[in-house]
Structures are given as C-alpha cells and as structure tokens.
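Student: Quick check, what structure comes out for this input:
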Amino acid sequence: MKALIFNSGIGKRMGTLTKNTHKSLTILNDGETILERQIRILSECGIKEFVITTGPFEEKLKEISSKYPYLRFYFVHNNLYDKTNYIYSFYLTKEYLDDDILMLHGDLVFNKKLIETILMSSEKSIGLINTKLCKPEKDFKARVIDGEIKEVGINIFDENCFAFQPLYKLSKNDINVWWERVDYFVKRNNVNVYAENALNEITNIIHITAMQYDNYYINEIDNPDDYDKVISQIRLYDFDEQEQFDSLEVINTLNNPLIVVDKFIENKFKDYKTFSDFQPNPLYEDVMKGLNAFKGCDSIVSIGGGSAIDVAKAIKYFYCLDKNGNFIYKNIKHIAIPTTAGTGSESTRYAVIYKNGVKLSLTHDALFPNIAILNKDLIKSLPIYQKKCTLLDALCHDIESIWSINATKESIEYAQQSISLIKKYYKDYINGDNGVIPFIQKAANLAGKAINISQTTAAHALSYKLTSLYKIPHGYAVSLTIPYLWQLLIDNNPEALKFENINKEEFIKIFNFLDLENKLKISDKEMQILVDSVNIVRLNNFPLKLNKEEIFQIYKLIRL
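Tutor: Predicted coordinates for the structure are as follows:
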C-alpha cells in the first residue's frame with residue numbers, strides 16, 4: 001500500500017504560522033512537523049512508499065525525504081497550485097496509482113491507533129465519519145446510506161450527513177475509478193472544485209464503507225485556532241498510546257542504539273555500545289560525555305533508575321539543539337527500561353540534571369520515550385530500602401498529581417488506578433512476593449503518566465534540597481511533607497480534594513508500614529537553606545499559595 005498525501009495548497013488562513021513555509025510543515029508540540037508526524041506514523045504502520053503532491057515551498061517539502069532513507073518518495077508538482085483545487089493535483093498522480101492507497105490531506109493530525117485500525121480492517125475502501133460531533137458549518141460532511149459513503153461535501157446538512165475527515169483507505173480499483181472521473185473533470189477545465197465532487201458522481205460504482213472514528217483522533221489544522229486546539233489534544237493521545245512491553249527483545253529491533261545503563265548491569269549488554277559514566281544525580285558534564293558517546297548511533301535505550309533514563313532524555317534533548325539553542329526535531333527512538341518501580345520516568349517528558357550545582361529541569365514533549373519496557377526480573381534484586389523509597393515516590397506522584405492545579409480527567413484517572421494497585425499489593429511487594437512486581441510496576445508507570453500531564457506540586461518543591469542535604473532517596477524526601485501539606489488542604493478547602501480511594505490517614509498507615517523515620521535532624525542554619533531552596537515552579541502547581549513562613553513551619557514539623 002502507498003500513501004498519497006496532498007500538499008499543494010497554500011494555507012492562506014494560517015497567518016504567521018505559515019508565513020515562510022508550507023502548512024504541513026507547521027511544528028507541533030514535540031518539534032515534529034505535521035508532515036513528519038504523518039510519515040512517521042504511516043511508516044510505523046507498514047507503509048513504505050509515499051506520493052506527495054507539492055505546490056509552494058516544494059524544496060522544503062522534498063527536504064523531508066532525506067530524514068527517511070529507508071522510505072521511497074515520489075513528489076508530484078502542481079504548477080497551477082494557485083489556480084486550481086486539489087482535484088488537479090490528484091489528476092497529476094495517475095502513474096503512481098498502481099496499488100491500494102491511503103489518501104489524505106497534508107494538514108491532518110491523527111493518532112496512530114486510528115491508522116492501525118484502518119489498515120487492519122477487512123474493508124477494502126474506508127472513509128471516516130463521526131456521528132457524535134455536530135455537523136461542521138464550513139468543513140466536509142459525508143452522506144451515509146446503508147453504511148456506505150454516498151456523498152461528500154460542505155453544504156449538506158441532512159439527517160444522514162455527518163462530520164467527515166478526508167483520510168481514505170482505497171483499493172487499487174476504487175482509486176482508479178475515482179481518478180477516471182477526476183480526469184473527466186480536468187479535461188473539461190473543471191479544476192476549481194474538490195476531488196470529492198468527482199467522487200460524488202461514482203459512489204454508485206465504488207463502495208466506501210463509513211468508519212466511525214469517535215474513539216480515535218483526527219483533525220485538520222486550517223487556522224491558528226485549530227492549531228492551538230489540536231496541539232493540546234493530540235499530545236494526550238500520544239502519551240496514552242506509548243508502546244509498552246515486558247520483554248527486552250524489542251531492543252534487537254533497533255539498528256545502532258546507545259545503551260545508557262547503570263554500571264551494575266552494564267556487563268549484560270556487551271554486544272552493544274554502552275554509556276554508564278554518570279552519577280546518581282547526573283551532571284551536565286555527564287550528559288556531554290554521553291552526547292559524545294552517541295556519535296554514530298541512531299537510537300537510545302536507557303536501563304536503570306531515574307538517573308539513567310534522565311541522562312538518555314538529556315542526550316536526546318541536547319542532540320536536537322541547533323547552534324542557536326533551538327530545538328530541531330529528530331526521529332530518535334528512545335526505549336526506557338526502569339530497574340526500579342517508582343519514578344515513572346519511562347513515561348514522562350521530564351529530565352533533571354545539575355549544572356554548576358544548580359538543578360536544571362528539562363521539559364519537552366519529545367523527551368517522552370517512544371517505548372517503555374516493564375520487566376519484572378530487573379526489579380527482583382532491588383534492595384528492600386530502595387523498594388520502600390521508590391514505592392513512596394510512586395504514591396506521592398499520585399497524590400500530588402491529584403492536588404495539582406493542572407490536573408485533568410486523564411491524569412486523575414491514571415493516579416487513582418495507580419493508588420488502587422499500590423493499596424492492594426504494597427504489603428506483598430515489600431514482603432518479597434515477586435508475583436506482585438508487575439502490579440507495582442504498572443502502578444509506578446501510571447503515576448508517571450499522571451504527573452506527565454499534571455506535574456508535581458509542593459511536596460516535590462520542598463523535597464529537592466532534602467535529598468541533596470541529607471543524602472536520602474527522592475521518594476522518601478517527598479513523602480515526609482505529604483501529611484502536613486494534605487492537612488493544609490483539608491483545613492483550607494476540603495471540597496477541592498478529588499480523591500476517591502485514599503485519604504491522609506491511609507497514606508500515613510502505608511508510610512508507617514514501611515518503617516521509615518518521619519523526621520530528620522535539621523539545624524537552624526539548614527532550616528533557612530531549605531526554605532530558600534524551594535522550587536517555585538513546582539510550588540506554584542499547589543492549589544494553596546504558600547509563603548516562606550508557612551514553608552518554614554512545614555519543615556519544622558519534620559524536624560527532630
């Protein structure tokens with residue numbers, strides 16, 4: 001099957017977004033352009049040949065092909081792009097219509113599962129409708145009769161007409177019957193109409209099944225409002241659809257990866273190029289050494305705790321910066337394999353490194369790993385103290401993600417699912433039952449997905465200096481202030497709490513079961529250092545505004 005992508009339009013309504021480029025080269029949240037996203041997803045679904053029509057900015061469109069040497073591209077230029085509609089571009093593609101075709105417009109943004117579902121369908125030809133959306137005033141609708149699309153147009157509003165998106169799966173026969181009708185239009189100089197005008201005259205001959213897409217995502221970007229809406233929506237689908245496996249075998253599918261790995265298991269990956277020269281709280285200098293090690297590689301695998309995964313993310317981030325510090329998207333696959341069950345970093349867009357003694361937080365959608373592998377065998381030998389602290393890390397992520405002013409329906413659902421798993425299995429996990437490891441791994445991963453959307457709040461803001469001053473694990477440090485922050489929320493606005501399956505007392509019960517000290521030896525001098533060190537970004541995600549005196553009082557409560 002080939003993909004036929006129409007990119008011959010000008011995109012007049014995009015404003016400054018397309019002042020010097022084509023609409024399909026508009027940049028999305030992760031730095032990827034619309035067209036690059038289309039090509040990546042379609043190629044991952046098995047399509048290796050692309051027919052792309054061009055109009056303005058033809059050379060810029062052609063440059064895209066150099067990023068995909070393993071794919072075949074055919075560019076068809078429409079010299080009359082400013083005088084014709086895309087029916088004429090369709091007409092010019094005749095010599096390439098020798099296969100089944102996935103045909104789409106270059107301004108469409110969609111999720112991968114939609115494409116997988118279309119390609120797996122036994123239906124030879126498919127068009128996309130959504131009966132649950134209001135009929136758009138100025139966009140395509142489709143008339144559906146007996147499950148088939150009989151008409152596509154803008155000015156049809158009858159009861160059997162529904163919202164429609166111009167992405168088709170078409171058999172070789174159907175695409176050629178459609179082309180023949182397009183040829184009829186063009187030879188009569190009827191070139192300022194949609195290709196669908198020709199389609200509407202042959203729907204009694206070809207049979208296009210109407211497929212409901214309400215469980216998937218597809219939308220066009222036609223103006224700045226569309227852009228803002230789409231980039232905020234599609235990222236949630238991408239986060240949710242991250243591929244996850246339990247076997248390390250997927251590493252073997254990579255061509256030339258760099259394995260960023262904790263030293264204690266580095267010898268297990270002798271057949272690969274490895275990098276382990278980094279410390280538990282990785283430095284900028286560590287990342288620069290890793291960046292040098294990445295030369296000649298085309299993908300990254302991170303294996304270890306949060307530090308290994310953070311280093312891998314940071315290597316990718318700095319590799320994608322141009323000489324002016326601008327992030328330029330590069331299709332570098334990252335497989336993240338945690339050896340603890342706590343941080344959830346394998347499913348977040350964050351990385352933390354330290355530069356000149358200062359915490360440097362990297363946040364970018366492109367840092368979200370492509371694949372997460374949750375392998376229970378890597379957790380079995382985790383020392384009990386680390387099990388306790390990483391379990392607390394996951395539980396605190398859940399709690400803070402629900403507290404967060406950025407919480408969404410999706411993040412709250414992830415957090416509550418995670419809490420349920422932790423409550424059910426934490427005792428068996430701590431008591432050494434390896435059979436429950438996958439459930440705790442899943443809980444930690446869900447917690448990571450939750451904070452990936454919502455970010456963390458005050459407990460994290462207060463924890464960073466605790467970790468560095470007292471050399472205690474991150475999850476343990478975060479957990480110390482949770483009960484007191486929780487009480488502040490209860491005292492100020494109990495109605496705002498959105499918990500369904502845990503309360504403050506239950507959290508304390510879990511903490512006490514872990515048999516960890518709930519106070520630290522903090523000197524007067526250190527108290528001031530702690531107050532002055534609080535991370536303002538994380539603090540601002542907390543629903544209550546805390547001043548320095550309130551922060552001082554919280555630290556005082558965990559002081560011996």
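Student: Please make it C-alpha for all contacts and neighbour counts, starting now.
Tutor: Noted.
Student: show me where pLDDT drops low in the stretch 351-500 of the chain?
Tutor: Scanning the stretch 351-500 of the chain for pLDDT under 70 picks out nothing.
Student: The same query, at a cut-off of 80, please.
Tutor: The model of the stretch 351-500 of the chain has pLDDT under 80 over residues 357-359, 493-496.
Student: Equivalent analysis for the chain, please.
Tutor: The low-confidence ranges in the chain, as defined by pLDDT under 80, are 8-20, 357-359, 493-496.
Student: Try it again at 70.
Tutor: 9-19.
Student: Please parse it into its domains.
Tutor: Listed by automatic domain parsing, the domain ranges of the chain are 2-240, 242-378, 385-560.
Student: Span of the shortest one from start to end?
Tutor: Same thing as domain 242-378. 20 Å (Cα to Cα, to the nearest Å).
Student: now swap in stretch 399-416 and tell me
Tutor: 9 Å.
Student: Give me the contacts around it.
Tutor: Outside stretch 399-416, the residues within contact range by Cα atoms under 8 Å, 6 or more residues apart in numbering are 397-398, 446-447, 449-451, 453-459, 497-501, 541-543.
Student: again, but for stretch 87-100
Tutor: Residues from elsewhere that reach stretch 87-100, judged by Cα under 8 Å, 6+ apart: 1-2, 6, 8, 51, 53, 76-78, 81, 169-173, 175-176, 179, 182-183, 186, 191-195.
Student: which among those residues end up buried?
Tutor: The neighbour-count test (16 or more other Cα atoms under 10 Å) marks 1-2, 6, 8, 51, 53, 76-78, 81, 169-173, 175-176, 179, 182-183, 186, 191, 194-195 as buried among these.
Student: can you tell me which of those residues are in helices?
Tutor: 172, 173, 175, 176, 179, 182, 183, 186, 195 (DSSP state H).
Student: which one is the last one nearest to, not counting chain neighbours?
Tutor: Leaving out its chain neighbours, the residue that sits closest to residue 195 by Cα to Cα, 6 or more residues apart in numbering is residue 87, at 4.3 Å.
Student: give me the element the one you found is part of.
Tutor: Using DSSP states H and E, residue 87 falls within helix 86-92.
Student: quick one: buried residues of that helix?
Tutor: 86, 87, 88, 89, 90, 91, 92.
Student: Would you mind writing the CA trace of it as PDB?
Tutor: Provided in PDB are the C-alpha atoms of helix 86-92 (Å, rounded to 0.1, in the frame of the first residue of the first chain):
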ATOM      1  CA  TYR A  86      -6.500  19.700  -5.200                       C
ATOM      2  CA  ILE A  87      -8.500  17.800  -7.800                       C
ATOM      3  CA  TYR A  88      -5.800  18.800 -10.300                       C
ATOM      4  CA  SER A  89      -3.100  17.500  -8.000                       C
ATOM      5  CA  PHE A  90      -5.000  14.300  -7.800                       C
ATOM      6  CA  TYR A  91      -5.100  14.200 -11.600                       C
ATOM      7  CA  LEU A  92      -1.300  14.500 -11.800                       C
END
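Student: so what secondary structure elements neighbour the next helix-or-strand element following it?
Tutor: Reading on from helix 86-92 to the C-terminus, the next helix or strand found by DSSP H and E is strand 101-105. Packing partners of strand 101-105 (3 or more Cα pairs under 8 Å, 6 or more residues apart in numbering; DSSP states H and E): strand 2-7, strand 161-170.
Student: who does the last one pair up with?
Tutor: What it means is strand 161-170. In the sheet, strand 161-170 lines up against strand 101-105 (antiparallel), strand 126-130 (antiparallel), strand 141-145 (antiparallel) (DSSP bridges).
Student: Relative to residue 332, how far out is residue 546?
Tutor: Applying Cα to Cα to residue 546 and residue 332 gives a distance of 41 Å.
Student: neighbour count winner among the two?
Tutor: The neighbour comparison of residue 546 against residue 332 (other Cα atoms under 10 Å) goes to residue 332, with 17 against 14.
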